[in-house]
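Asks: Build me a structure from this.
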Amino acid sequence: MSERMSGRAPDSEPPRGERPHEETPDGPPPEETPDGPPEETRGETAADVPGATPGAPHGEAHGGALGSRLNWLRAAVLGANDGIVSTAGLVVGVAGATDDRGALLTAGLAGLLAGSMSMAAGEYVSVSTQRDAEKAALALEKRELREQPEAELAELAGMLEERGLSREVAREAAEQLTERDALRAHARVELGIDPDELTNPWHAAWASFVAFTVGALLPLLAIVLPPTAWRLGVTVGSVLAALALTGWSSARLGAARARPAVVRNVAGGALAMAVTYGAGALLGAVGV
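Replies: Below you'll find the predicted structure:
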């Protein structure tokens, strides 16, 4: 602390643990300003960069990219889980009514195709709607930047200030981002959209189709390949093991505790198979 700020005499010795600034070979120490720390300590942080993860060093995956990858992985796990549960419930229900291999194969294959196509179509429609909304938001933002650039600059500076930057630094950062690419800056900071990575409905549809199909193949093969006496036990055991794995995977991807997710997943699958088997056995008993 300088002599002027401390109020001590020039020749007084500073208290223990407090050292005066020392000049470095590069020049005098930076001066503190009323608005904050020395200007040399002000640098670009993750908060200054739209879409970056706060505290993450450069070179690491930013929050948006990492979140996108995790969402895709989670969707794949959940799609496989749907395929396992729905197809297992279907074939176990049919097994409750008949042990005919042809009937089991027909029912399981029909359920696999219907479920995978339904998942793919639903995902395509859902993601297409999201993509249309993103494109409309970008078009509106582009028009606002063209018609009222100063208001948009002030808005961007305000949002950066809300993220923890001082007013002066936020204004300077907003100006620099606007000069570099105004639309990209507003898309990332204001809308949370990366203009270069809009959601692709075809990718989502294929991912859902494949994930569901892979999951559905397990109970289908488990019910038709083993001998008649083993079919039900093999199917139930393999399905519950697979559900434990998908429950554990979804929990790990979400950074949550694995045990509750595994218990929920296994219990839900067991309940579905029990209900459908009971229904199939009842219908088989009455000759339907």
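Asks: right, and the helix or strand after the helix or strand bottoming out on mean pLDDT in the chain?
Replies: In the chain, no helix or strand scores lower on mean pLDDT, DSSP states H and E than helix 3-6, which sits at a mean of 41. Later in the chain than helix 3-6, the nearest helix or strand by DSSP states H and E is helix 63-97.
Asks: Give me the mean pLDDT for the helix or strand V262 falls within.
Replies: According to DSSP H and E, V262 maps onto helix 258-285. Mean per-residue pLDDT for helix 258-285: 92.
Asks: which strands and helices sit next to that helix?
Replies: Packed against helix 258-285 by the contact rule (3 or more Cβ pairs under 8 Å, 6 or more residues apart in numbering; DSSP states H and E) you find helix 63-97, helix 231-253. No exception for glycine: its C-beta is placed from N, CA and C like everyone else's.
Asks: What residues sit buried inside the first one?
Replies: What that stands for is helix 63-97. Across helix 63-97, burial judged by 16 or more other Cβ atoms under 10 Å covers 64, 76-97.
Asks: Wait, G93 touches T276, no?
Replies: Yes - here G93 reaches T276: they are 3.2 Å apart, a contact under Cβ atoms under 8 Å.
Asks: So for A187, which of the helices and strands packed on helix 258-285 sits nearest?
Replies: helix 63-97 (11.0 Å; Cβ to Cβ).
Asks: so what secondary structure elements neighbour the closest one?
Replies: helix 101-147, helix 201-224, helix 231-253, helix 258-285.
Asks: Would you pull up how far the first one lies from the middle of the chain?
Replies: The one in question is helix 101-147. 17 Å (Cα atoms, centre = their mean, to the nearest Å).
Asks: now the helix or strand just after it and helix 101-147, what's the angle there?
Replies: Moving toward the C-terminus from helix 101-147, the next helix or strand (DSSP H and E) is helix 149-162. Put simply, helix 149-162 runs at 120 degrees to helix 101-147, going by axes from the mean of the first three to the mean of the last three Cα atoms, to 10 degrees.
Asks: gap between helix 149-162 and the chain center?
Replies: 27 Å.
Asks: Likewise for stretch 199-211?
Replies: For stretch 199-211, the distance to the chain centre is 15 Å (Cα atoms, centre = their mean).
Asks: can you pull the buried residues of it?
Replies: So for stretch 199-211, counting by 16+ other Cβ under 10 Å, buried means 199, 201, 204-205, 207-211.
Asks: and the least confident of those?
Replies: Least confident of the buried residues of stretch 199-211 in the model: T199, at 78.
Asks: my read is it is in a strand, agree?
Replies: No - T199: not assigned to a strand; according to DSSP: H, G, I helix; E, B strand; the rest coil it is coil.
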